[in-house]
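S.K.: Have a look at this prediction, sequence included:
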Amino acid sequence: MPATLLHTHRVEKPWGRRDLYPGFDDVEGGGEPVGEVWFQAPGDTAPDLLIKYLFTGEKLSVQVHPDDEEAHKRGLARGKDECWTILSATPDSTIALGPKQAIGANELRDSALDGSIEDKLDWVPVKAGDFYYAPSGTIHAIGAGLTLIEVQQNSETTYRLYDYGRPRELHLDDGVAVAHLDPYRPIVSPGPAGDPRTVLVEGPKFVLERWTGGTHPVALPEGLTAWIVPIKGSGEVAGVAFKAGECVTVTGSETITASEDADYLFAYPGTVRL
């Protein structure tokens, strides 16, 4: 099929929420908090990318992901580059991105063990509309009070360095081994002036653009799948309708028709923009 409306899979997390976001049903009664909603194709598939919504009621663990090379050393299929489009944020919401200053491997391990790592990270204030790209190896922690869309390589390999005393496993050997020890440097890839498609990420593992409403033809090479992730508004591609809170994959040559108020992400694996 040239276009597929993906299924949703709700994932309970100790740091999640019971009040979610427009387009998603809140957790009823005393149900466990939901931290993530994954978008997945029917059947047993393992696509290159995974699209999620995150709903944070508490801070996520301080963590890091391996790149492809480090993942392959450990017998894993791929590493995990990821990025976040912030949809809503409480006034005090923050995300930690790398250390404030260069840190040694031994210091990273020791500070993870004694909890001082929290104070050594660069916690940046975030608001709705912000965007952050975190290449694999970036030490990071997503703070509380956020709703965001995460586009990532399809890997759930996470090495926890610190978890605020929660009774979950830490992965200090692997985490320290793959972590970037220098401060985080933002990567910005602006599109051409006047282009309705803003380039947010251009490689090395995927391309992510943000498109406005209207009619947009797409021509994808054979074997390449793209993901349409509507933030607001609605649209249609290859006879499949979509709206905010949903996700559609598309292949081949098709035309996306979106409402005038539409705002959506368009993602596909690759190193350069098509």
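M.R.: Received the coordinates, thanks. Bear in mind that the values here come from a model prediction, so they are computed numbers and not experimental data. Numbers count the residues shown, from 1 in each chain.
S.K.: how close does residue 57 sit to residue 147?
M.R.: 11 Å (Cβ to Cβ, to the nearest Å). For every residue, glycine as well, the C-beta is placed using N, CA and C.
S.K.: Just want to know which of the two has more residues nearby.
M.R.: A count of neighbours by other Cβ atoms under 10 Å puts residue 147 above the other of residue 57 and residue 147, at 20 against 17.
S.K.: what's the domain layout of the protein?
M.R.: Domain assignment of the chain by automatic domain parsing yields the ranges 7-178, 197-269.
S.K.: Beyond the least confident helix or strand in the chain by mean pLDDT, next helix or strand please.
M.R.: Sorting the helices and strands of the chain by mean pLDDT, DSSP states H and E puts strand 197-202 at the bottom, at a mean of 90. Downstream of strand 197-202, the next assigned helix or strand under DSSP states H and E is strand 206-219.
S.K.: Can you classify the most centrally placed residue in the chain by secondary structure?
M.R.: With distances taken as Cα atoms, centre = their mean, the chain has residue 150 as the residue nearest its mean C-alpha position (2.1 Å). With DSSP: H, G, I helix; E, B strand; the rest coil as the basis, the three-state label of residue 150 is strand.
S.K.: For it, give its distance to residue 54.
M.R.: 6 Å.
S.K.: could you show me where the helices are in the stretch 151-274 of the chain, in order?
M.R.: Counting by DSSP state H, counting those that start in this stretch, one finds helices in the stretch 151-274 of the chain at the ranges 172-178.
S.K.: Can you show me the strands along it?
M.R.: Ranges of strands in the stretch 151-274 of the chain, per DSSP state E, counting those that start in this stretch, are 159-162, 197-202, 206-219, 226-232, 234-237, 240-243, 248-250, 253-269.
S.K.: Columns distance to residue 86 and mean neighbour count on top of those, output as a markdown table?
M.R.: Converted to a markdown table, those look like this (distance: least, Cβ to Cβ, whole Å; neighbours: other Cβ atoms under 10 Å):
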| stretch | distance to residue 86 | mean neighbour count |
| --- | --- | --- |
| strand 159-162 | 23 | 23 |
| strand 197-202 | 12 | 18 |
| strand 206-219 | 12 | 17 |
| strand 226-232 | 11 | 22 |
| strand 234-237 | 22 | 20 |
| strand 240-243 | 20 | 18 |
| strand 248-250 | 22 | 24 |
| strand 253-269 | 12 | 18 |
